[in-house]
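Engineer: sharing a model that was predicted from the sequence below.
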Amino acid sequence: MADTLKPRPEFRNIHVTQIVAYRMPVAAIVSILHRISGVLMFLLMPFIIWMFDASVTSEVSYDVFRSAFAAGVGFIPGWFLKLVALGLIWAYLHHLIAGLRHLWMDGTHAVSKEFGRSSAIATLAVSVLLTLALGYKLFF
């Protein structure tokens, strides 16, 4: 009788050095990116506040704001400011779409492996496509 019983699988935590070799599911990648996008938006809050303040204070400040993205500010070139703004665009869009995905899953109890995988792929695709569209508008 003991020969027919299969041993139970043993689950262990992986070490930090094994993360590169570990193949995470798409839902785990979206979850990690959701956290990274939240931290990115929090850390760049002073830049966001500056952009908002410079764009709505007056017409002169708006012209300074536009010239900062064209020519740069001090030693920071304009393309770098656009790149940071593009990172913020991605962070906002990804965080929003992943948050809506989590709300949908919590509200409808649609928690299955298949739905988690397909909704994670959709989250990545929509956030990247919208970021590319807005990035095209930003750079051209």
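Structural biologist: All right, it came through fine.

Engineer: which stretches of this structure form helices?
Structural biologist: For the chain, the helices defined by DSSP state H cover 26-43, 45-56, 59-71, 78-108, 113-139.

Engineer: okay if I get those as TSV plus mean pLDDT, distance to His15 and mean neighbour count?
Structural biologist: Where C-beta positions appear, they are placed from N, C-alpha and C, glycine not excepted. Compiled in TSV, the helices of the chain are given as follows (pLDDT from 0 to 100; distance: least, Cβ to Cβ, whole Å; neighbours: other Cβ atoms under 10 Å):
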stretch	mean pLDDT	distance to His15	mean neighbour count
helix 26-43	96	16	16
helix 45-56	93	33	12
helix 59-71	93	43	13
helix 78-108	96	27	16
helix 113-139	96	25	15
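
Engineer: tabulate those (a markdown table), appending distance to Gln18.
Structural biologist: Listed next are those as a markdown table, based on distance: least, Cβ to Cβ, whole Å:
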| stretch | distance to Gln18 |
| --- | --- |
| helix 26-43 | 14 |
| helix 45-56 | 34 |
| helix 59-71 | 42 |
| helix 78-108 | 25 |
| helix 113-139 | 22 |
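
Engineer: of the ones you listed, which approaches Pro7 most closely?
Structural biologist: Across those, Pro7 has its closest neighbour in helix 113-139 (23.6 Å, Cβ to Cβ).

Engineer: show me what that closest one packs onto, helices and strands only.
Structural biologist: Other helices and strands packing on helix 113-139, by 3 or more Cβ pairs under 8 Å, 6 or more residues apart in numbering; DSSP states H and E, are helix 26-43, helix 78-108.

Engineer: of all those, which one is nearest Val16?
Structural biologist: helix 26-43 (13.6 Å).

Engineer: off-centre distance for that closest one?
Structural biologist: Mean C-alpha position of helix 26-43 versus that of the full chain (Cα atoms, centre = their mean, to the nearest Å) differs by 5 Å.
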